[in-house]
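Structure, please.
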Amino acid sequence: MAIVIKSNRDIEIMRKAGRIAAGARSVARQMVEPGVTTKAINKEVFNYIKKSGAEPTFLGYGGFPASVCISVNEQVIHGIPGSRRLVEGDIVSIDVGATWKGYVGDCAMTVPCGKCSDEALRLIAGTRQSFFEGIRFARAGNRVSNISAGVQMYAESLGYGVVRDYVGHGVGAKMHEEPEVPNYVQKGRGSPRLVKGMTIAVEPMINQGTWEVKVLPDGWTVVTADGKLSAHYENSILITDGEPEILTMADDL
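Now for the predicted structure:
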């Protein structure tokens with residue numbers, strides 16, 4: 001599958017899709033409090049996306065049963081909302097997509113529930129910053145691997161494990177397009193060059209311990225192999241002729 005370069009019209013639509021996805025992420029973030037169920041958060045995300053005139057990208061994607069992935073503590077990604085009630089000290093990863101006029105905005109973040117440990121807060125902050133360290137290199141003429149190296153070097157400098165089994169990706173008319181955007185350097189493999197008009201989702205998934213993960217019996221929820229905490233931060237970005245444009249960056253994030 002070839003990398004799709006977006007037209008000016010495509011980009012305008014993606015900006016709108018990105019704003020809706022970011023707004024849905026904000027709705028979910030504001031609901032993260034002790035006692036709230038992940039199912040309740042999912043319902044409000046669904047309502048927000050629908051009221052915005054968009055469709056929840058995740059709902060039914062590959063059979064996924066919800067509008068948002070909510071992954072708690074050692075859960076890395078793809079957590080299924082349900083009856084679980086959040087408790088003080090949890091860290092909660094929120095991953096959401098919105099499709100508007102056929103184009104996707106995809107974004108994620110990890111937030112604390114009430115008062116969290118200093119170690120957990122450092123992991124959240126470090127994961128977020130690893131995204132920004134990576135996109136420093138998201139410029140036309142560089143390669144995807146330059147972004148990967150930026151994320152990996154920063155996260156590993158903090159002593160964290162960088163998930164390898166799951167990666168960022170191109171985004172556009174499909175949620176997952178070419179190219180893959182790993183958060184680590186894949187030695188011995190070529191890496192596509194970044195060009196103006198590419199849209200990609202950069203999404204560090206950073207673990208407190210080992211980078212290794214496993215999938216739970218539900219077939220979706222990915223957890224750390226050692227049971228330690230994990231955090232996730234993602235935005236859809238546009239490669240321009242200068243600084244990258246973040247398409248899913250809400251004012252409060």
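
Which elements pack onto the longest helix seen in the chain?
For the chain, the helix with the greatest residue count under DSSP state H is helix 8-31. Counting by 3 or more C-beta pairs under 8 Å, 6 or more residues apart in numbering; DSSP states H and E, the packing neighbours recorded for helix 8-31 are helix 38-51, strand 68-72, strand 91-100, strand 103-112, strand 235-238. Backbone N, C-alpha and C define where each C-beta goes, glycine included.

I'd like the distance from that helix to the chain centre, please.
13 Å (C-alpha atoms, centre = their mean, to the nearest Å).

how about that helix: buried residues?
10-11, 13-29, 31 (16 or more other C-beta atoms under 10 Å).

for stretch 244-253, same thing?
P244, E245, I246, L247, T248, A250, L253.

Next, the buried residues of stretch 33-41.
V36, T37, T38, I41.

which residues does the first one contact?
So that's V36. R85, L86 (C-beta atoms under 8 Å, 6 or more residues apart in numbering).

Return the per-residue confidence for the residue of the chain most remote from its centre.
In the chain, G188 marks the outermost C-alpha relative to the chain mean, sitting 26.2 Å out by C-alpha atoms, centre = their mean. We have a pLDDT of 77 for G188.

Correct me if wrong: V163 contacts I206.
Yes. Between V163 and I206 there is a contact at 7.2 Å, judged by C-beta atoms under 8 Å.

So, low pLDDT: which residues of the protein?
251-253 (pLDDT under 70).

Tell me how far the residue farthest from the centre of the chain lies from V162.
Separation of G188 from V162 (C-beta to C-beta, to the nearest Å) stands at 18 Å.
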